[in-house]
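Engineer: Got a predicted structure plus its sequence, pasted below:
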Amino acid sequence: MPDIAGDKLRGHLDSMVLAALERGEAHGLEVLRRLDAAGDGSLRLKEGSLYPALYRLEDAGMVKAAWEEETRGRRGARRRIYRLTARGSAALARGRTEWRTFARVIGGILGGTA
Amino acid sequence: MNERENDPIDVLRRHVERTVAPLSAGRRRKARVREELLAHLIGVYEQESARAPRAAALDATLRRFGDRDDLTRQLQASVPPFERILVILFSKERRMWRWLVVGGFVASLFGTSMVLPALAKLRHQADLHHEPYMALAVALMIGMVIAVAGLHLLAWGIARRLRRTSAA
């Protein structure tokens, strides 16, 4: 399967993060692990790019974050645990509808199946 | 290079600092981003160091994280505009150009508030006598000088800010 990276991912990253958080609260590294597993290893996402997306979603009220208390040897650097809010669930549902429409329309043009 | 500079965690910490320092964002947000990115990088480094020697693990960690300048741009874009404006106006390191802009803006408003009423009176008073006409002309001139000086200050402050940004 060809890699999916850069611009192809950028427009969908927020919805993908929401989908990863739908499975339960998680810190950034765990969100990336879930995305990688769900994408069968084909996603080539620069890991730093996850955080601007998480901050955007947090400012929009779609996710909530709390610092974890345990730093487990990371020299005091704590992770933040993100969880989906009701607004985030609604945005994810909209994102899924938009994606289905997009895939159906573009799939029809390109002649493949979505 | 001494031992501390070689310490992978310190390398990661410096990488995070160079990513976060240029951000126009509030102190609290920057501290939060700094700590979270460092925790992420340390977590990745722990994964990578389990399968590669130290230098290779460090390289792999930074490669996975992505281009630093690109990340700084993305982080900056995630800062709400209102917060950016507040930081631009009130951060200490930008005091000089900030006061030029604020002073210029206030002066240009004040000057304009003298010029516009004077112009309106001049247009609508066809039967002006000598004294009111002189008073209006003086108000008009003073207002124009203040407004032009204000605009000049404003432009100077913005130019200072842009020079500082491009130098950084």
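Structural biologist: The structure has been received and is ready for your questions.

Engineer: Secondary structure element holding the closest residue to B:Gly111 other than its chain neighbours?
Structural biologist: Residue nearest to B:Gly111 in three dimensions, not counting chain neighbours: B:Ala147, with 2.8 Å by C-beta to C-beta, 6 or more residues apart in numbering or on different chains. Placement of C-beta: from N, CA and C, glycine included. In the assignment (DSSP states H and E), B:Ala147 maps to helix B:130-167.

Engineer: For that helix, buried residues please.
Structural biologist: By 16 or more other C-beta atoms under 10 Å in any protein chain shown, the buried positions in helix B:130-167 come out as B:136, B:139-140, B:143-144, B:146-147, B:150-151, B:153-154, B:157, B:160-161.

Engineer: residues near the residue of chain A found nearest chain B, how many?
Structural biologist: Using C-beta to the nearest C-beta, the single residue of chain A nearest to chain B is A:Lys46, 2.8 Å away. Number of residues near A:Lys46 (other C-beta atoms under 10 Å in any protein chain shown) recorded here: 17.

Engineer: Could you tell me which residues make contact with the closest residue to it other than its chain neighbours?
Structural biologist: What sits nearest to A:Lys46 in space, not counting adjacent residues and going by C-beta to C-beta, 6+ apart, is B:Gly66, at 2.8 Å. If you count contacts by C-beta atoms under 8 Å, 6 or more residues apart in numbering or on different chains, B:Gly66 has them with A:46-49.

Engineer: ok, of those residues, which come out buried?
Structural biologist: A:46-49.

Engineer: show me what contacts the spatially most central residue of chain A?
Structural biologist: For chain A, A:Val17 is the residue whose C-alpha lies nearest the centre (C-alpha atoms, centre = their mean; 1.5 Å). Taking C-beta under 8 Å, 6+ apart, we find A:Val17 in contact with A:31, A:35, A:50, A:53-54, A:57, A:63.

Engineer: The residues you listed also near chain B: which ones?
Structural biologist: A:Ala53 (C-beta under 8 Å from any C-beta of the partner chain).
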